[in-house]
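**Q** Pasted the sequence and its predicted model underneath.
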Amino acid sequence: MTSSAATNSNLVFLGGGNVTGVINNIGAITVNAAGNKTVILQKSVSATSLTLGNNAVANLQDSLTKSGNVDFTNGGVLEFSGANPAGYLLNSQIKNGNTGTLNVYTTGTTLTATDSSIGMVNTINIGQGNAVAAFTIDVSNKALTLGSDINLN
C-alpha cells in the first residue's frame, strides 16, 4: 500500500485486521480497535504517524520507520513479533507513552529503538514464554531516562 500524497493520506483501523503487504508513504495510521483488537502488520511500515487508542494492539512483524511519532493516545499496545534475522527497528519519537505498552516478542532477534523518548513508555515487556528476545536502545549522544516498568518474561 503506497500513497502518492503521503501527508494527506490516512489509514484507519476500527477493528482487528491483518495487512500482508508493505505500507509505504502513508500520512497517518490510526489503530483504534476498541476491545483489545489486534491489527497485524506483516511487512515494513513507513508513515508520518502511528496513533494507538482504546487499548488497541498494533502487532508489527517487520520494522517501523517514520518521520513522525508513535502516539499512545488513550492507551494501546505497540508489539513487535517475528523472527527476522536482520532484527527490527523503531526509529520514532514516542508521545503519550505514559499510557502505552511496548511488547518485544521477537524470536531470536533484536528490536532496536533509536529515540530517547522510548523511556516514556509506561510498560515494556521483553520476551514471551520461552522465546528469546532482545531489546536495544541506541540513542547515541542523547540523555535517556527510563521511567518504565520493564518486564523480562
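**A** Cool, the structure landed.
**Q** quick one: low-confidence parts of the protein?
**A** 1-8, 34-35, 67, 129-131, 141-145, 147-149, 153 (pLDDT under 70).
**Q** The spatially most central residue of it and Asn32: what is the separation?
**A** In the chain, the centroid-proximal residue (C-alpha atoms, centre = their mean) is Leu78; its distance is 4.0 Å. If you measure Leu78 against Asn32 using C-beta to C-beta, to the nearest Å, the figure is 14 Å. Where C-beta positions appear, they are placed from N, C-alpha and C, glycine not excepted.
**Q** Also Gly108?
**A** Distance from Gly108 to Asn32, by C-beta to C-beta: 32 Å.
**Q** the more surrounded of those two?
**A** Each of Gly108 and Asn32 has its neighbours counted (other C-beta atoms under 10 Å); Asn32 has more, 19 against 12.
**Q** Is that one in contact with Gly15, as I believe?
**A** No. Between Asn32 and Gly15 there is no contact under C-beta atoms under 8 Å: 9.3 Å.
**Q** What about Glu79, how many residues nearby?
**A** When neighbours are defined as other C-beta under 10 Å, Glu79 has 21 of them.
**Q** What's the local residue count around the residue lying closest to Thr20 once chain neighbours are set aside?
**A** Leaving out its chain neighbours, the residue that sits closest to Thr20 by C-beta to C-beta, 6 or more residues apart in numbering is Gln42, at 5.1 Å. Per other C-beta under 10 Å, the neighbour tally for Gln42 reads 16.
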